[in-house]
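>>> I'd like to go over a predicted model; first the sequence, then the structure.
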2 protein chains.
Amino acid sequence: MQPRLKEIAKALGVSTATVSNALSGKGRVSEETRKLVIEKIREVGYRPGGPGRALRTGRSGVLGLVLPDISNPLFPALAQAIETAAERAGQGILIADSHGDPGAQSEALRRMVQRGADGIIIVPCRGTQVSDLSLPAVVIDSAVTPGNCVCSDHRQGGQVAVEYLQQLGHRTLVLLGQSRRSLVQSDRVAGMQDALGPGLRAETFWLEDGTPDLAKLVRRGATAIVATSDLHALTALTRLQGAGFSVPGDVSVLGFDDLSFSARITPGLTTLAQNMPDIATAAVEHILLQLENAPLPAARLVPMELVVRGSTGPAPAERPTRETRPQQGDVTT
Amino acid sequence: MQPRLKEIAKALGVSTATVSNALSGKGRVSEETRKLVIEKIREVGYRPGGPGRALRTGRSGVLGLVLPDISNPLFPALAQAIETAAERAGQGILIADSHGDPGAQSEALRRMVQRGADGIIIVPCRGTQVSDLSLPAVVIDSAVTPGNCVCSDHRQGGQVAVEYLQQLGHRTLVLLGQSRRSLVQSDRVAGMQDALGPGLRAETFWLEDGTPDLAKLVRRGATAIVATSDLHALTALTRLQGAGFSVPGDVSVLGFDDLSFSARITPGLTTLAQNMPDIATAAVEHILLQLENAPLPAARLVPMELVVRGSTGPAPAERPTRETRPQQGDVTT
DNA sequence: GGAACGTGAAAAATCGTTTAATCAGCGTAA
DNA sequence: TTACGCTGATTAAACGATTTTTCACGTTCC
């Protein structure tokens, strides 16, 4: 059994209020008794119990983190950054998975409130507005999301990606997205299209419409594939490699998010990484400011960072249609 | 502001005790007033507040999940399964990252206790014993871990992997592990070695000792690579493909854990998957049983499951050293 | 008619902590 | 001497729920 304030007080022959004051430095306690108290709590390893404190102060020291899909491979980096930032601020993290379902999302939010979370960090389901909850909240999504939002500048990331490929001499790109409804992905694609200019063409495909034949596109002259996620970039890369193309000799491949595997494949995947520590720190800080009723900073946009690895290189010099390499069918069943 | 028990009671002209009793069905409440209470709480959307209840009952409805590294790509599946299993049991999940450091791990455990967690699910750091904490706990690690443990049967997984390759006609294997100190990995390798028999050879490499030259090993006759993680299997697969080998035509590749990308590469990665839902359910159930002082089941071993995809196939018929395919150097810098 | 009993609900205690209100003792100034 | 202020600490209230105890009021039974 953990020692409680009452035990400490009894052992020292003082009241619980005095012990509490000594620890918080709030009331009036002589230096002498303060020393005694501190020594005692160190001796028995006392820590104020959460529920009692939460009940009295209204603060639990816990933040809720609501995600649309924990099994998303982007999640580890985000969760780790948020956990680290929160712990630094003395806050714990309560997680919940909305499974991409708006109903489950509101239910998760309600549970967070019920469990006494001090604030909520939410990565919303596609197409959901986070309505007014009775708690400080911050949204991690896309810049177009209204309200208290901290997120990567996905649009700028898209621009940087395309500009980088242009510098390498690429003139015909293939842009790959998963779903138009994802604000993050459409931001990224919009950024890519921003950076297109004279002499730089791009064809955009959404995987929700079906899978394009990348090998054919490359044979027709595309020299670089940009996917809105490393996951799709990886699919493209291994498919092209399996079809006999050289990456980046014949075609460059570029992704987003710097997922765990991206550095560990051959060639390493060039990618636009989110600055998770900055996002997490800003998000946690945003909640804490709201808790103190402090003036809030404007929505924070964190720049994305280009991580250059082996999957991108100069555009191939020769441009003619090449049929030299064998094309083997998809091996998977 | 959320409605409280007091408001409900006042609105109905009864005492808080009656409302509480009506909701829990514990005391003596007439059917009539119970109806009234239930209707009222539905009307105003009342939910009992966590801290108050936690303080009185000693139960917070929250479990701690302590991990050595949230950014590990295996984590999403585990965390999601545990969150789902916990939510089903009405429990929330408080996460913490020990960053692989035993000191940070004990600190994380202490914080969990302080925050009022009802129990703790812990994936321990390498080489740490989870000493007696004052809370119900369950360890997810390896079968050799003493104490309350729920985990995959990694050894059996290793056996299944090798037996499967043997059936495909493979006779010379390369076994790849990362670190000998990892109980999970050494279990898996041990299982693989268990399954070796006459006519089935295997050479084992630990990546902590350095990276073996897989291309050379394949040219010398190895026809299958088994890695203790999909991450290393992916590295091997892309490296071999980049070096001009056909997978699975020339060499089969097999991994563990069925990570997010494993199904999305070409060829799909054959792997031994952990049954995360079963593990999570068992772990949560184990905690809840401890909370009720119920008799505990023995340590639970959950079998691993072979997921066959495109990266494995019959051993190539011809065995002579082949130099026909071009070998290109490592493109990454 | 009074004791025993049953029922429904209120009153009060409790969990652990913080904090506002109070108090005893002491020194000092009017 | 009395009133006042300061200091250090105690007492008591409060947070929101649950649970034990008590209570009021009928009914039934001798």
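Alright, I've got the coordinates. Residues are numbered from 1 along each chain as shown, chains lettered A, B, ... in the order given.
>>> could you pull out the strands in the stretch 51-200 of chain A for me?
A:62-67, A:92-97, A:119-122, A:137-139, A:150-152, A:172-177 (DSSP state E, counting those that start in this stretch).
>>> parallel or antiparallel, which strands does the first one pair with?
In this case it means strand A:62-67. Under the criterion DSSP bridges, strand A:62-67 sits next to strand A:92-97 (parallel), strand A:119-122 (parallel) in its sheet.
>>> for the strands of the stretch 51-200 of chain A, give me CSV that also has mean neighbour count.
The C-beta positions use only the backbone N, C-alpha and C, and glycine is treated the same way. Shown next, in CSV, are the strands of the stretch 51-200 of chain A (neighbours: other CB atoms under 10 Å in any protein chain shown):
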stretch, mean neighbour count
strand A:62-67, 27
strand A:92-97, 25
strand A:119-122, 25
strand A:137-139, 24
strand A:150-152, 26
strand A:172-177, 23
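>>> which one of these lies nearest to B:Asp132?
B:Asp132 lies closest, by CB to CB, to one member of the strands of the stretch 51-200 of chain A: strand A:92-97, at 22.4 Å.
>>> export the strands paired with strand A:62-67 to TSV and tack on mean pLDDT and distance to DNA strand C?
Shown next, in TSV, are the strands paired with strand A:62-67 (pLDDT from 0 to 100; distance: least, CB to the nearest atom of the strand, whole Å):
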stretch	mean pLDDT	distance to DNA strand C
strand A:92-97	96	16
strand A:119-122	95	18
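>>> any chance of TSV for the ones you listed, columns distance to A:Arg309?
Below are those laid out as TSV (distance: least, CB to CB, whole Å):
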stretch	distance to A:Arg309
strand A:92-97	31
strand A:119-122	30
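>>> redo those as CSV? Include distance to DNA strand D.
Converted to CSV, the strands paired with strand A:62-67 look like this (distance: least, CB to the nearest atom of the strand, whole Å):
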stretch, distance to DNA strand D
strand A:92-97, 18
strand A:119-122, 17
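>>> among those strands, which comes closest to B:Cys149?
strand A:92-97 (23.3 Å).
>>> ok, and what's touching that closest one?
Strand A:92-97 has contacts (CB atoms under 8 Å, 6 or more residues apart in numbering or on different chains) with A:61-70, A:79, A:82-83, A:86, A:104, A:108, A:111-112, A:115, A:117, B:62, B:79-80, B:83-84, B:87, B:92-96, B:111, B:115.
>>> what's near enough to touch the closest residue to DNA strand C within the stretch 51-200 of chain A?
Taking CB to the nearest atom of the strand, DNA strand C has its nearest neighbour within the stretch 51-200 of chain A at A:Gly52, 2.9 Å off. Going by CB under 8 Å, 6+ apart, A:Gly52 touches B:Leu55.
>>> gap between it and DNA strand D?
According to CB to the nearest atom of the strand, to the nearest Å, A:Gly52 stands 7 Å off from DNA strand D.
>>> and the strands of the stretch 51-200 of chain A as CSV, adding distance to A:Val308?
What follows is these, written out as CSV (distance: least, CB to CB, whole Å):
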stretch, distance to A:Val308
strand A:62-67, 29
strand A:92-97, 33
strand A:119-122, 31
strand A:137-139, 31
strand A:150-152, 18
strand A:172-177, 17
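>>> looking at those, spot the one closest to B:Ser252.
Nearest to B:Ser252 among the strands of the stretch 51-200 of chain A is strand A:172-177; the distance by CB to CB comes to 29.0 Å.
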